[in-house]
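J.: What follows is a predicted structure for the sequence shown.
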Amino acid sequence: MSEVLEFKCPNCGGALQFDSDVQELKCEFCDSELSVDAVKDYNELLNNQKEDSTEWEEEPKTQWAGDEADSLDVYLCNSCGGEIIADANTSATSCPFCGNPVILSGRLSGCFKPDYVIPFKLDKNAAKSRLFEHFKGKRLLPKVFKSQAKIDEIKGVYVPFWLFNTGVEADIRYRATRVRHWMDRNYNYTETQYYSVFRAGKVAFERVPVDGSSKMPNDLMESLEPYDFSEAVDFNTAYLAGYFADKYDIDAENSKSRANQRIKQSTEDAFRNTVIGFTSVRTEHSSIRNFNGNVKYALYPVWVLNTTWNGQKYTFAMNGQTGKFVGNLPMDKAAFWKWFGLITSAVTAGAFLLLFLIGRAGGFL
């Protein structure tokens, strides 16, 4: 049976036909003209383009030694279900995540041993101080919040992170344009030139962190980055003394999708930054392929602060190594509408002044 071949315009998707006058393929919809060789190469590229490949080695298999596990307890929160690891000397009175009382559940079991830990460098007083610094300069923060907000609890928690290491091979194709405008006495002209831009190469990623705790929102934990991994040490239970360590409830396998998202986005952004000199650029196809990937398990230090105001709880977090502080604050709606009114008035006044000056310049006023 004969095969019907159809060539599509890479610019608009319309059908291409060979124009004998210009000896090129021409699109009847957007009037693009392309050489036969260019269309042939483009079709071969489409037929040979690769898909994403995100393979990883198996998750860590380092287990707790018997004497290490015997020195650790697991506290169970009856409210949020959180499992919190602490050394036997830690006094646990409430959950650092939801603030409810926790009870001693039993000895540690069935949990991979961390490969690394970044020890706390900042203490509880530093966390409290950064909280009040966080209030400064917030014009829409209710004035009484600073004085009435009650700090319910400040807890130092080692948060579980899966660290993904991988090499990446990437092929990315972009559709780019250059647009030129000019005019004469009769017409305004716009010329748009279309380009296929290709980027290919290899990059390496080290220790891409993914939070292994469902109680810690990804966006909150990623906002605390970066951590300085040069200060990480091999894990030792002694670092847990006086702190909590959240037990991971999202394993490495279920964290891979988040790691792949971060790696793919970072790769595409890095390659995109090399495509310059065009009016517009959009990604047409992206192939990201991991190789030599592996996963490590680490604990990172986080101070968790819970405050209550007007019957509502607000949670803040501070990087226990660098002091970076994040958390949402309440908004004074009256102050918001006041500022909105001032800005609107200023814009309106500016518009009237501009019209007045234009009118005077044109002789209308």
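T.: That came through fine.
J.: host element of Ala270?
T.: Using DSSP states H and E, Ala270 sits within helix 252-272.
J.: How about residues contacting that helix?
T.: 52, 54, 56, 59-60, 162, 164, 166, 168, 170, 172, 174, 199, 201, 203, 205, 208, 210, 212, 218, 281, 283, 286, 288, 290, 295, 297 (CB atoms under 8 Å, 6 or more residues apart in numbering). Using the backbone N, CA and C atoms, a C-beta is placed for each residue, glycine as well.
J.: now swap in stretch 213-222 and tell me
T.: With contact meaning CB under 8 Å, 6+ apart, stretch 213-222 is reached by 80, 82, 97, 159-161, 209-211, 246, 248-250, 258, 302, 317, 326-327.
J.: Repeat the analysis, applying 10 Å as the threshold.
T.: Residues from elsewhere that reach stretch 213-222 (CB atoms under 10 Å, 6 or more residues apart in numbering): 77, 80-84, 95-98, 157, 159-161, 209-212, 223-224, 246-250, 254-255, 258, 261-262, 300, 302, 304, 315-317, 319, 326-328.
J.: Buried residues, stretch 214-229. List them.
T.: Within stretch 214-229, the residues that count as buried by 16 or more other CB atoms under 10 Å are 215-216, 218, 220-221, 224, 227.
J.: what's the answer for stretch 315-335, then?
T.: In stretch 315-335, counting by 16+ other CB under 10 Å, buried: 315-322, 325-327, 329, 332.
J.: And the furthest pair within the residues you listed?
T.: Gln321 and Asp332 (33.1 Å; CB to CB).
J.: For the buried residues of stretch 315-335, give me a markdown table that also has pLDDT and secondary structure.
T.: Below are those laid out as a markdown table (pLDDT from 0 to 100; DSSP: H, G, I helix; E, B strand; the rest coil):
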| residue | pLDDT | secondary structure |
| --- | --- | --- |
| Thr315 | 84 | strand |
| Phe316 | 87 | strand |
| Ala317 | 91 | strand |
| Met318 | 94 | strand |
| Asn319 | 95 | strand |
| Gly320 | 95 | coil |
| Gln321 | 96 | coil |
| Thr322 | 95 | coil |
| Phe325 | 92 | strand |
| Val326 | 90 | strand |
| Gly327 | 82 | strand |
| Leu329 | 73 | coil |
| Asp332 | 50 | coil |
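J.: Just send the residues you listed back as TSV, with distance to Pro10 too.
T.: Shown next, in TSV, are the buried residues of stretch 315-335 (distance: CB to CB, whole Å):
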residue	distance to Pro10
Thr315	50
Phe316	51
Ala317	48
Met318	51
Asn319	47
Gly320	52
Gln321	50
Thr322	47
Phe325	49
Val326	44
Gly327	48
Leu329	49
Asp332	53
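J.: Tell me the one of those nearest Phe120?
T.: Ranked by distance to Phe120 (CB to CB), the buried residues of stretch 315-335 are led by Gly320 at 4.4 Å.
J.: Could you tell me which residues make contact with that closest one?
T.: Gly320 touches 118-124, 126-127, 156-159, 224, 227, 243, 300-304, counting by CB under 10 Å, 6+ apart.
J.: secondary structure element for the closest residue to it other than its chain neighbours?
T.: Excluding its sequence neighbours, the residue lying closest to Gly320 (CB to CB, 6 or more residues apart in numbering) is Pro301, at 3.0 Å. Assigned by DSSP H and E, Pro301 falls within strand 280-309.
J.: That strand relative to helix 252-272, how many degrees between them?
T.: 130 degrees (axes from the mean of the first three to the mean of the last three CA atoms, to 10 degrees).
J.: Flag every buried residue along strand 280-309.
T.: The neighbour-count check on strand 280-309 (16+ other CB under 10 Å) flags 286, 288-290, 293, 295-307, 309 as buried.
J.: And stretch 168-187, by the same measure?
T.: Residues of stretch 168-187 classed as buried under the neighbour-count rule (16+ other CB under 10 Å) are 168-176.
J.: Just the closest of those to Glu231, please.
T.: Val168 (26.3 Å).
J.: List only buried entries from the contacts of stretch 213-222.
T.: Buried subset of the contacts of stretch 213-222 (neighbour count, 16+ other CB under 10 Å): 77, 82-84, 95-98, 157, 159-161, 209-212, 224, 246-248, 250, 255, 258, 262, 300, 302, 304, 315-317, 319, 326-327.
J.: how's this structure carved up into domains?
T.: 1-48, 66-171+195-331, 336-365 (automatic domain parsing).
J.: Least confident of those, on average?
T.: Mean pLDDT values for those show the minimum at domain 336-365, a mean of 50.
J.: which stretches of the stretch 51-200 of the chain form helices?
T.: Under the criterion DSSP state H, counting those that start in this stretch, helices of the stretch 51-200 of the chain are mapped to 66-70, 124-135, 145-148.
J.: got a list of what Arg180 touches?
T.: Residues near Arg180 by CB under 10 Å, 6+ apart: 189-193, 279.
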